[in-house]
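A.B. asks: Build the 3D model from these lines:
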Amino acid sequence: PEAGLPISAIKLIMVTFFSFGMFELFPLLHNEELTLRIPDFTPILESPLALGGIAYTGLITTALALWVESIAFKRVPATDASIILTTEPLFAALAGALTLGETFGASDYVGASLIIGACAIAVLLEDGGEEEESSIVTN
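C.D. replies: Residues are numbered from 1 along each chain as shown. Next up is the predicted model:
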C-alpha cells in the first residue's frame, strides 16, 4: 500500500505523455505535415462545466481509481489480479451497452470469448497446479 501513490502517479504521467504524443502525431494519420502544436485550452478554461468534467474524470475516475486499484491488488494474488484486469474491457462494454445502448459486432463477441476463455484456462491451470502441489506434499 505504501507504493500505491507513487505507482499511480507514474501511470498518470505516462498517460499524459502518451496523450500529448498522440495529439502531436495524429496529423500523420491524415497525411498532413507534422508540426509541433500547442493545444488551445481557451474554450475549456472558460467553461466551468468542462473544467468540472475534466477535474472529475481526472481526479476521481482516473487518479483515485488507479490509486485504490494499486492498494487493492497488493493484497490479491498475481493471478487473480491479472484475471480482474483482463476482464475490465468486458465490464466496460457491458456498462456501455446498459447505460448508452451500445451494440456489439462479431469482432466484439470474438474478443469477449477470447478474454473469457483465457481467464477460464488461467483458473483451470492454477487449480491444476495447486492439486499437483498438494499431492506432492502428502506423498
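A.B. asks: Now do the helix or strand where residue 109 lies, average pLDDT.
C.D. replies: Using DSSP states H and E, residue 109 sits within helix 106-138. In this model, helix 106-138 has a mean pLDDT of 79.
A.B. asks: For the remainder of this discussion, apply numbering that starts at 59.
C.D. replies: Sure, I'll start numbering at 59, so the last one becomes helix 164-196.
A.B. asks: residues contacting the most centrally placed residue in the chain?
C.D. replies: The central residue of the chain, meaning the one whose C-alpha is nearest the mean C-alpha position (CA atoms, centre = their mean), is residue 146 at 6.8 Å. Going by CB atoms under 8 Å, 6 or more residues apart in numbering, residue 146 touches no other residue. Glycine gets a C-beta too; all of them are placed from N, C-alpha and C.
A.B. asks: Please compute how far stretch 123-143 lies from its chain's middle.
C.D. replies: Once both centres are worked out by CA atoms, centre = their mean, to the nearest Å, stretch 123-143 turns out to sit 12 Å from its chain's centre.
A.B. asks: Determine how far the last residue of that stretch lies from the first.
C.D. replies: Start and end residues of stretch 123-143 are separated by 13 Å (CA to CA, to the nearest Å).
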